[in-house]
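Show me the folded form of this:
(chains A and B)
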There are 2 protein chains.
Amino acid sequence: MQITHSPLSISIQGNKGSFHDLVSQKIFTNITELKERESFLEVFDDVTDGSVDFGVVAIENSIAGSLMENYDFLLSHHLHIVGEVYLRISHNLIAHPHVNIQDIKEVWSHPMAMKQCQEFLKKHPHMKAINKTDTAGSVKEVKTQNLQNTAAIASSYAAEIFDMQILEKSIETDKENYTRFFIISKTPVIPEDADKTSIVFSAANTPGSLASVLMSFHEADVNLSKIESRPVIGKKWSYNFYLDFSESLNSPQAKKALKAIEKHTNWYKILGSYRSGEYYYH
Amino acid sequence: MQITHSPLSISIQGNKGSFHDLVSQKIFTNITELKERESFLEVFDDVTDGSVDFGVVAIENSIAGSLMENYDFLLSHHLHIVGEVYLRISHNLIAHPHVNIQDIKEVWSHPMAMKQCQEFLKKHPHMKAINKTDTAGSVKEVKTQNLQNTAAIASSYAAEIFDMQILEKSIETDKENYTRFFIISKTPVIPEDADKTSIVFSAANTPGSLASVLMSFHEADVNLSKIESRPVIGKKWSYNFYLDFSESLNSPQAKKALKAIEKHTNWYKILGSYRSGEYYYH
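Residues are numbered from 1 along each chain as shown, chains lettered A, B, ... in the order given. From the prediction side, this is the model:
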């Protein structure tokens, strides 16, 4: 997937050099404005009030699971998923050029990155791990404060844009670390090559309604690629279900299935129909 | 749920005063040994090698979603869920006794707690937020270093055990913040009052197999309370499904359903059968 659009403004959670920025750089050419936000809610608000063209938000990680907060924002905001990207998350030990790994006394990074590099840190007990808010932000701080005995853990992209040295590559414990990102937009575009759709629905309060919904997809020849229940807070035994299926919303199969699920759901909402995401390795 | 057992050793992720410790205190009476671990994997390993009686692990949060890492450990370790607890997560601004809120220049906590208190921190821009590894650990540090201008964000339980003052209660932005915890054991105990079972299965590689599995539960009169798909890494279009249902494993309905799903699954594994969890508010 590649989106060309001019001028092009994007809102991301995190800073320049972060994984969200990296995804934006892979997907969009010629970004004219990048809004670096502290929270996902601000990204959803930016897209909703039209102050940016697109938002980029992580939605699930192979180790940490789904970001339910962002699924909830997709339900509460009237936006559309227009694209999907998978990114292999790889961490690196980054320091000033000409620094040796023996000189490193402190390592700075986000606690999630620290956790994912636990084995490496155990093997290097002389490095004190100091938690910071951001991976790329740690690289920036080490650089601007000219710290020669401090390294940061971040993406190789962060090393590149801040012109710093990678002391050790791929120091994450679990190499099967992927994050899925959504590209969100205010405009309900369905790409011509869309082959995947995300919906959320409330199953009817009758026994077997969820099984009937899934059977409706099966009978319409539509394959499912994700299902996740989400308890409705404050309503015991009430659930919403987030579901992805492998057809464009415009396909006759999807139309047939969505018609059929009407009688087994209280409501459903289309979150977007898009081209299934490529895997990027950085 | 209350477990009495003597002597009683428990393994938790985090420190004394953490939410995992709080759950342990609610569930177990007379803990003789509490192992404070840095990672969930160490907790699973402690229970597996028999060095503790029980482990306590978070499994999902109403905002952050499921901890897929822990679901994977449940699949890879031969352990049993023997109990479930829901805890309302509430954060507090904690400092030394006699300190005023106006004196606070720095706030220490885990980044997840910081994120959940973002609105409070925005309203108090003179407080500099410093990320630390642990919520309760921050309270302990503020106390032992005798820092009069620093506060920590943590549970009221942490304030209590370290004998510190709560400057402001319930400063979390979203009050609907619940975490679900599992009690895990090496011994496959099914409590007599069990009314809930967790399983994981691999749906057969035939169209509609997932719908057929759910239909099997419906036909056996078994209600589902959670379903979550989990892509099998490295195997495209292959999924495991984590599912909870509202019956004891010993019930005739559960037996009927599990017999019926055999032909629609490649395999299934019982993760445990237990009493559905109480909600604790601290």
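
when you scan stretch A:130-142, is anything in it near chain B?
Yes: counting by Cβ under 8 Å from any Cβ of the partner chain, contacts between stretch A:130-142 and chain B involve A:131-133. For glycine as for every other residue, the C-beta is placed from the backbone atoms N, C-alpha and C.

Buried among those? Make that a ChimeraX selection.
With 16 or more other Cβ atoms under 10 Å in any protein chain shown as the burial test, the buried ones among the residues of stretch A:130-142 next to chain B are selected in ChimeraX as follows:
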select /A:131,132,133
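
Alongside chain B, which residues does the stretch 51-200 of chain A contribute?
Of all the residues in the stretch 51-200 of chain A, those lying near chain B are A:60-69, A:71, A:110-111, A:115, A:118, A:131-133, A:176, A:178, going by Cβ under 8 Å from any Cβ.

And the strand or helix carrying residue A:59, how far out from the chain middle?
Here residue A:59, judged by DSSP states H and E, is contained in strand A:54-61. For strand A:54-61, the separation from the chain centroid amounts to 3 Å (computed by Cα atoms, centre = their mean, to the nearest Å).

Please name the strands paired to it in the sheet, noting orientation.
Strand A:54-61 has the following sheet partners, assigned by DSSP bridges: strand A:9-13 (parallel), strand A:65-66 (antiparallel), strand A:178-185 (antiparallel).

mind listing the helices for chain A?
Secondary structure of chain A (DSSP state H): helices at A:19-27, A:40-48, A:68-76, A:111-116, A:118-123, A:135-144, A:156-161, A:209-219, A:252-261.

For the third one, which outside residues touch it?
This means helix A:68-76. The contact list for helix A:68-76 (Cβ atoms under 8 Å, 6 or more residues apart in numbering or on different chains) reads A:40-41, A:44, A:57-59, A:81, A:182, A:184, A:198, A:200, A:228, A:230, A:240, A:242, A:269, A:271, B:61-65.

let's see 7 Å
Residues outside helix A:68-76 that contact it (Cβ atoms under 7 Å, 6 or more residues apart in numbering or on different chains) are A:40-41, A:44, A:57, A:59, A:200, A:230, A:242, A:269, A:271, B:63-65.

Closest one to residue B:172 out of those, please.
When the contacts of helix A:68-76 are compared for distance to residue B:172 (Cβ to Cβ), residue B:63 wins out at 9.7 Å.

quick one, what contacts the residue nearest the centre of chain A?
Chain A has residue A:58 as the residue nearest its centroid, 1.6 Å off, counting by Cα atoms, centre = their mean. Applying Cβ under 7 Å, 6+ apart to residue A:58 gives the contacts A:20, A:67, A:179, A:181.

Recalculate using a threshold of 10 Å.
Contacts for residue A:58 (Cβ atoms under 10 Å, 6 or more residues apart in numbering or on different chains) come out as A:12-14, A:19-20, A:23, A:40, A:64, A:66-67, A:70, A:85, A:87, A:89, A:179-182.

quick revisit: same list, the contacts of helix A:68-76, but as TSV with pLDDT and neighbour count please.
Output for the contacts of helix A:68-76, formatted as TSV (pLDDT from 0 to 100; neighbours: other Cβ atoms under 10 Å in any protein chain shown):
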residue	pLDDT	neighbour count
A:40	91	23
A:41	92	18
A:44	97	24
A:57	97	24
A:59	94	22
A:200	97	19
A:230	86	21
A:242	95	23
A:269	97	13
A:271	97	21
B:63	78	20
B:64	75	19
B:65	80	23
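
can you pull up the bridge partners for residue A:268?
When assigned by DSSP bridges, residue A:268 has beta-bridge partners residue A:201.

Kindly state the domain boundaries assigned to chain A.
As recorded under automatic domain parsing, the domains making up chain A are A:9-88+A:178-188, A:92-168, A:196-278.

With respect to burial, which of the ones you listed scores highest?
Mean neighbour counts were compared across the domains of chain A using mean count of other Cβ atoms under 10 Å in any protein chain shown; the top stretch is domain A:9-88+A:178-188, at a mean of 20.

For residue A:43, give its distance to residue B:137.
Here residue A:43 is placed at a distance of 31 Å from residue B:137 (Cβ to Cβ, to the nearest Å).

Sorry, wrong one. I was asking about residue A:146.
Taking Cβ to Cβ as the measure, residue A:146 and residue B:137 are separated by 30 Å.

Likewise for residue A:48?
Between residue A:48 and residue B:137 the computed distance is 38 Å (Cβ to Cβ).

Identify the residues contacting residue A:90.
Each residue near residue A:90 by Cβ under 10 Å, 6+ apart is listed here: A:19, A:116, A:155-157, A:169-172, A:175, A:177, A:281-282.

Between which two of those is the distance greatest?
The largest separation in those, counting by Cβ to Cβ, is between A:157 and A:175 at 17.7 Å.

so who does the closest residue to residue A:21 other than its chain neighbours touch?
Distances taken as Cβ to Cβ, 6 or more residues apart in numbering or on different chains place residue A:12 nearest to residue A:21, at 5.9 Å, with adjacent residues excluded. Counting by Cβ under 10 Å, 6+ apart, residue A:12 makes contact with A:18-24, A:31, A:34-37, A:40, A:42-43, A:46, A:52, A:54-58, A:181.
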